[in-house]
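S.K.: just to be clear, the model below is a prediction. Sequence and coordinates:
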Protein chains: 4
Amino acid sequence: MKSSLGQSVNISITGESHGEALVAVLSGLTPGIKVDRDYIRHCLSQRAPVGKISTPRKEADDFEILSGVFEGFTTGTPITILIRNTNTKSKDYSEMQTTARPGHADFTAEMKYHGFQDFRGGGHFSGRITAVLVAAGAIARLALKNKGIEIGTHILKCGGVSDRNFIDINEDIKSLNNKYFAVLDEKSAQAMQDSILEASRQGDSVGGVLETAVVGLPAGLGEPWFDSMESVLSHFLFSIPGVKGVEFGEGFALADMKGSEVNGSLKVVKGKIIPVNDLSGGINGGITNGDTLKFRCAVRPTPTIFKEQNTVDIKSLENKTLCAKGRHDPAIVHRVRAVVDSAVALVLCDMLAQRFGTDWALEVK
Amino acid sequence: MKSSLGQSVNISITGESHGEALVAVLSGLTPGIKVDRDYIRHCLSQRAPVGKISTPRKEADDFEILSGVFEGFTTGTPITILIRNTNTKSKDYSEMQTTARPGHADFTAEMKYHGFQDFRGGGHFSGRITAVLVAAGAIARLALKNKGIEIGTHILKCGGVSDRNFIDINEDIKSLNNKYFAVLDEKSAQAMQDSILEASRQGDSVGGVLETAVVGLPAGLGEPWFDSMESVLSHFLFSIPGVKGVEFGEGFALADMKGSEVNGSLKVVKGKIIPVNDLSGGINGGITNGDTLKFRCAVRPTPTIFKEQNTVDIKSLENKTLCAKGRHDPAIVHRVRAVVDSAVALVLCDMLAQRFGTDWALEVK
Amino acid sequence: MKSSLGQSVNISITGESHGEALVAVLSGLTPGIKVDRDYIRHCLSQRAPVGKISTPRKEADDFEILSGVFEGFTTGTPITILIRNTNTKSKDYSEMQTTARPGHADFTAEMKYHGFQDFRGGGHFSGRITAVLVAAGAIARLALKNKGIEIGTHILKCGGVSDRNFIDINEDIKSLNNKYFAVLDEKSAQAMQDSILEASRQGDSVGGVLETAVVGLPAGLGEPWFDSMESVLSHFLFSIPGVKGVEFGEGFALADMKGSEVNGSLKVVKGKIIPVNDLSGGINGGITNGDTLKFRCAVRPTPTIFKEQNTVDIKSLENKTLCAKGRHDPAIVHRVRAVVDSAVALVLCDMLAQRFGTDWALEVK
Amino acid sequence: MKSSLGQSVNISITGESHGEALVAVLSGLTPGIKVDRDYIRHCLSQRAPVGKISTPRKEADDFEILSGVFEGFTTGTPITILIRNTNTKSKDYSEMQTTARPGHADFTAEMKYHGFQDFRGGGHFSGRITAVLVAAGAIARLALKNKGIEIGTHILKCGGVSDRNFIDINEDIKSLNNKYFAVLDEKSAQAMQDSILEASRQGDSVGGVLETAVVGLPAGLGEPWFDSMESVLSHFLFSIPGVKGVEFGEGFALADMKGSEVNGSLKVVKGKIIPVNDLSGGINGGITNGDTLKFRCAVRPTPTIFKEQNTVDIKSLENKTLCAKGRHDPAIVHRVRAVVDSAVALVLCDMLAQRFGTDWALEVK
C-alpha cells in the first residue's frame, strides 16, 4: 500500500506541501491510551522551523483529531489527524513548475506521475507532510510511555561539528526531549548553528547525522528474517526525506573491528540476562536483546539551494540553469530529529502489538 | 508475514542450519522467464565456502525445483526450491545448546521462542538459509537480464583493506560476476584474504563493507513515502545476517558535504533527461532517476569466534565462559556478496512488477 | 492493517457515526484520472437516506478532497476525502450507552475495546462511515469508465418481493445507474417500498438481496489461490455492514445442479474465445473469463428496531429490556446498493493495477 | 502476495497436480505446539479420494516436515510440509493440453500465463494442492485444541439430498471428526452417495453445500471494517476450488426475515454475557460474539465431466468438442470438507495471534 506503513499498527500520511491539508491515519493502536494534546503540540514544536536556521515559512500546525479518540482516550479504531496548510505561497514555485531542481524529486516525480503530480513545493514529496507524522508519532510515544519505553535523538554531527556521545542514557534522553536544537553538549549547538548560517549566507545547505537511543524495550522483538528489527526500522527511516544512511550500533565502524571487540558478553544480573558492551545496537539476529536500542541516520544536505545549478526543463527538454526561489531550509537535520523520534515510536508500537497482541499498552480507564 | 518479503514478487525462506532442508518459495514472477540451471549453480558457488577463509562445512547445495517451472520456463505460479542439508555435525553444538554465544541470536531466540527453537548451528537464524535465497535470487536476476538490468557487488573493505572504486561500471560489473572473491583490484584480494587468515589464526573474525551497483534500471521506481527505493532495499538488506549499516550513494559522507556538492545536475542527452554527478545513489525522493543505483552494506565480524568469552547458560542462568566449537567463518563478507546480489534482484523484480504489471519481464516463448 | 483494504489500490476509512468527520484515503490510483465532482455527488445521493423508507437523519454529505487531486486530475498520490458530520443527535444514544442492542456490535465492541469505543450511534461500526467509501468508490468507477468497465447493482429481493433478472445487461446497468431505488422492474419497487413501510410501522426491519453485474472486464484477473477474484471481492463485500452472504454466478443454486448444466461452453467469435452459458459468474479457477461478472449479496434486516427486546447492561451485567430510540433505517438494502457498487469498483481497480501496473487507467492530459 | 494468505499466521501453498511435489509453508504459529503426526494423517485421510465416489487417482500423501518442528514441537519459525506426487498419469492430459475444459481454469490460465502454465491436470489450479493445505491446517487445529477450540463440518446437501441440522453441537462435532463421509444423519450418507454414483454413471458430476460450526472461540475477534471475521473467512473459503457461495448464520435466508426474528437476545449467565437465538452465525459487527461460529459453503459440481461439451482449442482458436479423459471426481464436496476445516483453523489462528500476540497458544514444554 502506498504512503502507508506497519502491519498491526499502521500509519498512512497524505497531503501536499501547498495543498489543502495534511492527514495522518494511525490504526491499530491499543484502546485506552490517554491522549495528551499538549504533548502532541510539544512534539510538533520540535519539528517546526525556528529562527534563521530554518525556512521562513511558518505554519501554526494546529491539529484536529477527527476520529479514534473519545473522551480523551484512544478507542482502538483508526485515529485521524488533520493539519490545514495556511501559509502557502505557491507563486514562488510557478517559475519552477517545469524546471527540475537537481537532487530533488521534481524529475523522478515526472517520470512516475507523467505530469499530473502537484509540483508546488515538492507536493506529496515535501518534508511538510512529516508534520502529521510527528503528531501521530506523539500518540505512539504516549503508548510507549505507558510501558516505560523512552526515545531520545540528538544531532551527532551537523555542518562539520560533532556532539558528544551518550553517557547517562536516561538523563541524556530526558534532557534531549526538552530541547528544540537537540544536542547533548550545548557548546556544539552554537557551532552547528553557526555552520548552518554560514551555508545559508552562501545560498547553500548542510547535512548531518542523528543518533537515537531507546530505553525500556523488552528483549524478543523482531524476526529472524525480513522483519528483523533493523529491517523494519530502516524501512521507516529511509522514507524520511533526506535520510541516505542508517546504521545500528557501531554500524559501518564494525566493518573495521574484530568479532572479539564487537560481541561484548552476557551476564546474569538479579536473575536476568544482560548484554554488556555489545556494539550491535541492542539487536542480535534481528531481535532486541533488552539493551539500549541504538542507531544513526545520515541526513543529506537539503537539495533546494539558491546557488545557480545546471538543470533541464522537464516539459520542453531544454537545458537551462536554476537559482531556486521560495522558502527553503539551509539545514533540516535538527527538524528531522522529531520525525525520527516519531518514526521509531510508530515502528515499536507495531512490533509490540505483533508480539503481545492489541491490548499491549492498555491503561485501565 | 514471517520469513517472507515482497508485495507483487515475494520470497519466503524456511529451514534450519542442521534441519532436513532449506526451502525458498518465489511467487509473482512473470511467466516465460527461461530458467538457466547453470546460472543458478554459478550464483550458488559464489555463496559457497571455499578454502581456509570460510567454514570447513562444505555443502553440495544441489537444488531441486519442485514447482513453478515447466518445460524450462517460469509458469507465473510459485516457484519452490529445495536444498537438502547433508553435512550436519550437530554434536558440535550439543555443548553450546544452552550456552549463549555473545553477539549471536542464541539469547534473543530464547527470549522469543521460549526454548522451543532449533538451537543447532543457529537454527533458522543461520546464514546457511541464504543458500535458497541465492538460488531464488538467481532466477530473479535472469528476469532482470531479459530487460537489460545487471547487478554487481564488490568487497569495498575487508579486514582493514580497501578495494578501488567503480570506474567503468559496465565492465566492472561484468568482471565481478565472474569472480568468487569479488574485488575490482586483484591486489586487494590477496591483502584481504591475508587479513582474514590472520584473524582466523587468532580464533577471531573480521567484517567488511560491500558496494553494489545496478545498471539499466528505468527511472520512476519507488514511492514518495514508506516504499521509497531506499526503504524497500534496506528492509531486505538488513535481514541478511551480519548487515548492520546501509547507505545509498555517498551515504554517511553526505552529512559532511554541502548541497551544491551533492546535487549534481540534470542534462538532456539525445532527448532524454540524465542526472550527472548526483551523489545520492540513483534515487531522488525515493524514486529511481535512471542513473546507476549504488549502495553499500556494512557487514559486522562473525559473532562466533574461538576466543574465550564471558557469557551465560540460558537455562541455569549461571555465568560461564565459552570457547566456541563447530565450523565457523572467520569472515563472511565475501560470501554475503552473493546474498546481496540476490536480495537486490528480488527487490527490483518486485518494484518492476508493481510499476509495470505482472508481465513486465515476459519473453515470448 | 485495520480499516484498510487493497494491495496496489488501497482504501482506508475512518470516523464514527457521531464523531467530527469521516475520512477516506484512496491510494495507488493511476495519475491522470479526471475527477468529476458531480459524479461523486450522484453516487453519494444513491447512498443517502430518502423518504420514509430510511432513517430521518439527513446529512448533506458535502465532501472536500484534501489531497491527491490537482487541477482536476488524480495525481497518483493518495487521495483524501473528508465529510463532516453535522446532523448528530447523540443524546438519543445516551440511554443506550450501556444497553447493548441485540444483533448489533455494541456487545462485541465492548469485548474488543474494553469500554473505550465511541458508543454513539454505533461509532466506527456505523453504516454512516460508508459515505466516504462511496465517494472514494466513485473515483474508482471513473477510472474504470476510462477503460469501458461499467457496474450495476439492483435489489433482487426486499421484504419478500423479487425484481426481474438482468436481460439486456448493458441497458439494464445504464438504467440502474440513474435510479435511487434500484430495481429493473418498476412494479417491484412499489411493492418493496410498501413492504419496508409496513415493517417500519411495526417498529421492525427487513432485509434483502442485491445482485451486481460488471461488464467490460478483461479475462485474466485474479489468482489461482487465496487472491481469487471471488476471495478478494467477498473480502470487501463482507465488510459492508449487514452483508451475511455472498454468491457468484448461480452460487448456492449450483449445489443442486449437474456439471453439465453449469459448465456452459466455450466458443470462438471473431478470433476471440467467449464463454457461453457458464453459470459461474464470469470467474473460472478464481480468474475472470471475460464474461459478465455476476454476484449477489444477502443483506440482513437492520438490527436496530423499535420493538422490545431482551438484552443486558454491559457495565452492570444486569438483564433488561430495550426499545431502541434514535433514528434508524427500517431497511438498508436500497442504500447498501451504492456501497456495493463502490466496493466492487475499488476491488477491480486494485486487481487491474496488480495485473497491468500503476498506469493501467491513464488518460492523456 | 500470490498463493499465500494470512497476516500474523500465514499459509503459502505451491505445486502442480502433475509436478514434482506440493509444499506448504506455515509461518507465525506459536512455538511449543505439540505436533501429532497421526492427527495430520487422520486429517489427510478425510481429504483423500476413497471408493467410487471419488477419482481413481490414489496418492499416499506421505508428508515430510522439513522445518519448523524440533523435538516434536513447533519452534515458532516457519513450518515446511512436503508431499511428493507419485501417481501421475500426465499422458491422459496430452490430448487436453490445448482443449479447454468448459467451466475449468484452462482458458483463464491461458489468458493469465500466456501458455507457460503447467496444463497437466489443472496444474497449480488443481484441488490436488489442497493436500498440503490440509496438513498445515491440521497443525493449526492442534494449536486451537490447546485453547479448547473445536471445528466440525458436515455435508448439509449433496446431489439433491439433505443432512439434518446441528443439534448437540459438541457431540455433533465430535462425531463428524471421526467420519470420512461427514454427515450427521447416516441415512443421508447412503442417499448422497447413491446420487453421486448415478451422476458418475452418466459421466456427469454433482455439487453440494457444507456447513461448519466452531465452538470455544472467545468474543472479540475480527475488525469493524475490511477484516471482519466474515471477510477474512470468506477470503480463504472462496479460494478453495469449487466454492461459489459463502453465508454466515442463516445467510441468504436472513434476507426474507424481520429484524425481530434475526436479532435474538443477550442474557447474563453466571456473570458472562451470552447471545441467545442470534441467527447471524456468532458474528456481530464483524466481531465474534462468543456464540458458536456458523457458516455454509456452496460447492459447484466438478467441471471436468465425461459428457461431450462444446469448446475451443486455445492455440488454434478452432471450435471443437471434448469428452474429458483422465481420472476425475464425480463429486468433491465430501473431500472439500477437510479443506474447509483446515481453512477455518488457519484463519482462526491468524485472528487469535493478531488479538493476543504470538504466544497465544503456548503450551509449556
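M.R.: Arrived safely, thanks for sending.
S.K.: list the helices and strands the top helix by length along chain A packs on?
M.R.: Longest helix of chain A, by residue count under DSSP state H: helix A:333-356. Using 3 or more Cβ pairs under 8 Å, 6 or more residues apart in numbering or on different chains; DSSP states H and E, the elements in contact with helix A:333-356 are helix A:37-47, helix A:130-146, strand A:150-158, strand A:208-215, helix A:229-237, strand A:293-299. Every C-beta, even on glycine, is put in place using the N, C-alpha and C of the backbone.
S.K.: in what helix or strand does the nearest residue in space to residue A:351 that is not next to it in sequence lie?
M.R.: Closest residue to residue A:351 apart from its sequence neighbours, by Cβ to Cβ, 6 or more residues apart in numbering or on different chains: residue A:221 at 4.6 Å. Counting by DSSP states H and E, no helix or strand carries residue A:221.
S.K.: and residue A:221, what does it touch?
M.R.: Contacts here follow Cβ atoms under 8 Å, 6 or more residues apart in numbering or on different chains; on that basis residue A:221 touches A:229, A:287-288, A:348, A:351-352, A:355.
S.K.: PyMOL command for the buried members of the residues you listed?
M.R.: Per 16 or more other Cβ atoms under 10 Å in any protein chain shown, the buried members of the contacts of residue A:221 correspond to this PyMOL selection:
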select buried, chain A and resi 229+287+288+348+351+352+355
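S.K.: closest to chain B out of the contacts of residue A:221?
M.R.: Using Cβ to the nearest Cβ, residue A:287 is the member of the contacts of residue A:221 that lies nearest chain B, at 3.7 Å.
S.K.: how near is that closest one to residue D:322?
M.R.: 56 Å (Cβ to Cβ, to the nearest Å).
S.K.: excluding its backbone neighbours, what's nearest the closest residue to chain B within the stretch 51-200 of chain A?
M.R.: At 2.4 Å from chain B, residue A:105 is the closest residue in the stretch 51-200 of chain A, using Cβ to the nearest Cβ. Nearest residue to residue A:105, sequence neighbours excluded (Cβ to Cβ, 6+ apart): residue B:285, at 2.4 Å.
S.K.: what pLDDT does the one you found get?
M.R.: The model reports residue B:285 with a pLDDT of 97.
S.K.: go on, residue A:188?
M.R.: The model's pLDDT for residue A:188 equals 96.
S.K.: what sits against it?
M.R.: Counting by Cβ under 8 Å, 6+ apart, residue A:188 has contacts A:155, A:161-164.
S.K.: just the CA atoms of the host helix or strand of it, as PDB, please.
M.R.: Applying DSSP H and E as the criterion places residue A:188 in helix A:186-201. Only the C-alpha atoms of helix A:186-201 are listed here, as PDB (Å, rounded to 0.1, in the frame of the first residue of the first chain):
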ATOM      1  CA  GLU A 186      25.400  22.900  24.400                       C
ATOM      2  CA  LYS A 187      28.700  24.200  23.000                       C
ATOM      3  CA  SER A 188      28.300  22.200  19.900                       C
ATOM      4  CA  ALA A 189      24.800  23.600  19.400                       C
ATOM      5  CA  GLN A 190      26.200  27.100  18.800                       C
ATOM      6  CA  ALA A 191      29.000  25.800  16.500                       C
ATOM      7  CA  MET A 192      26.500  23.800  14.500                       C
ATOM      8  CA  GLN A 193      24.100  26.700  14.100                       C
ATOM      9  CA  ASP A 194      27.000  29.000  13.000                       C
ATOM     10  CA  SER A 195      27.800  26.500  10.400                       C
ATOM     11  CA  ILE A 196      24.200  26.400   9.100                       C
ATOM     12  CA  LEU A 197      24.000  30.200   9.000                       C
ATOM     13  CA  GLU A 198      27.300  30.300   7.100                       C
ATOM     14  CA  ALA A 199      25.900  27.900   4.500                       C
ATOM     15  CA  SER A 200      22.700  29.900   4.300                       C
ATOM     16  CA  ARG A 201      24.600  33.000   3.600                       C
END
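S.K.: so what's the residue in chain A that chain D sits nearest to closest to, chain neighbours aside?
M.R.: Chain D sits closest to residue A:357 of chain A, with a gap of 3.7 Å, by Cβ to the nearest Cβ. With Cβ to Cβ, 6+ apart as the criterion, residue A:357 has its nearest non-adjacent residue at 3.7 Å, and that residue is residue D:357.
S.K.: and that neighbour, how many neighbours?
M.R.: 21 (other Cβ atoms under 10 Å in any protein chain shown).
S.K.: surely it and residue A:351 touch.
M.R.: No: counting by Cβ atoms under 8 Å, residue D:357 stays clear of residue A:351, with 11.1 Å between them.
S.K.: how much space between residue A:269 and residue A:171?
M.R.: 21 Å.
S.K.: apologies, that question was intended for residue A:160.
M.R.: 27 Å.
S.K.: which of the three states applies to the nearest residue to residue A:119 once chain neighbours are set aside?
M.R.: In space, and not counting its chain neighbours, residue A:119 is closest to residue A:97: 5.3 Å by Cβ to Cβ, 6+ apart. What DSSP: H, G, I helix; E, B strand; the rest coil gives for residue A:97 is coil.
S.K.: in what helix or strand does residue A:76 lie?
M.R.: Per DSSP H and E: nothing holds residue A:76, as it lies in no helix or strand.
S.K.: got the contact list for it?
M.R.: A:29-32, A:68, A:358, C:112-113, C:116-117.
S.K.: what's the answer for residue A:107, then?
M.R.: A:100, A:312, A:314, B:219, B:266, B:273, B:275, B:284, B:289.
S.K.: now name the helix or strand holding it.
M.R.: Using DSSP H and E, residue A:107 falls in helix A:106-113.
S.K.: next one: residue A:165
M.R.: Residue A:165 belongs to no helix or strand, assigned by DSSP H and E.
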